[in-house]
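> Following is a predicted model, sequence given first.
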Amino acid sequence: MSKPRKPFQKIIAKLQAFYGSPNPPKTTDPFEMILLENVAYLVGDEQREEAFELLRDRVGLSPVDIVTAHDEKLMEVARLGGMLPAGRVEKLRRIANITLQEFDGDLKSVLDLPVPKAKRALKKFPSIADPGAEKILLFTRTLPVLALESNGLRVLLRLGYGEERKNYSATYRSVQEAVEAELKKDFDWLIEAHQLLRRHGQELCKRSEPLCASCPLRLDCRFYQESVSAKPRARRG
């Protein structure tokens, strides 16, 4: 039987002590956050940010800049962002067109809507589902919620928060509900928790072959305890 998990705030404190304080987010503008999500595909954070900066330098980060940009400039950005660049150019233009046509070119107006309507509005954009919409609302300091992407979600599942459900959305909600009572309703802390959990999932608590021996949370981790207990014990001669 696994021991009770460590309180969530102590888990975040352990990660902060291990990794240090995260850098501020690359951007907290909702339109730019959606561009950053879509400017690259299956690449690391550094390459994604390079593509985003190239978009800023070669095209601009306003909806009008992107709609009026020459295809070759957008393709240059998209190529830096990884495979399938033509599809990414189409996504960038679609993001800009939605913003111009439905939000008068100013996506910040979404932040004044009631939360359910704000989420529905943000989910009109490519690659933005509930987790992405909640991340935007968190980083813009609109909604104090623990938004989670896939790496952070995996970390909390392995620690014993929530359970795997029939689909990703149900699993996500299960984890959020399990951790809700232990959260600080403080934007700085929630943003840092999001960043630390994401980094931990990327670097140590990987989907396959997690580096449990190096993990600062292993003694509090249900996944680690179950893995250790499942290992066959050496026979005594």
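Yes, it's here.
> Quick one: residues contacting F125.
F125 makes contacts with I34, N38, R94, I95, I98, as judged by CB atoms under 8 Å, 6 or more residues apart in numbering. Heads up, the C-betas are built off the backbone N, CA and C, glycines and all.
> Let me see the confidence value for it.
pLDDT recorded at F125 is 97.
> Next, the contact list for L148, please.
Neighbouring residues of L148 by CB under 8 Å, 6+ apart: P131, L156, Y172, V175, Q176, H194, L197.
> Which residues are in contact with the residue most central in space within the chain?
The residue lying closest to the centre of the chain (CA atoms, centre = their mean) is E149, at 3.6 Å. By CB under 8 Å, 6+ apart, E149 lies in contact with P131, G132, K135, H194, R198.
> try 7 Å
Counting by CB atoms under 7 Å, 6 or more residues apart in numbering, E149 makes contact with P131, R198.
> list the buried ones in the helix or strand of the chain with the lowest mean pLDDT?
Lowest by mean pLDDT, DSSP states H and E among the helices and strands of the chain is helix 222-230, with a mean of 82. Buried residues in helix 222-230, counted by 16 or more other CB atoms under 10 Å: F223, Y224, Q225.
> Dump those into a markdown table; add distance to M83 as well.
Shown next, in a markdown table, are these (distance: CB to CB, whole Å):
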| residue | distance to M83 |
| --- | --- |
| F223 | 31 |
| Y224 | 34 |
| Q225 | 39 |
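> Show me which of these is closest to A78.
Taking CB to CB as the measure, F223 is the one of the buried residues of helix 222-230 closest to A78, at 37.3 Å.
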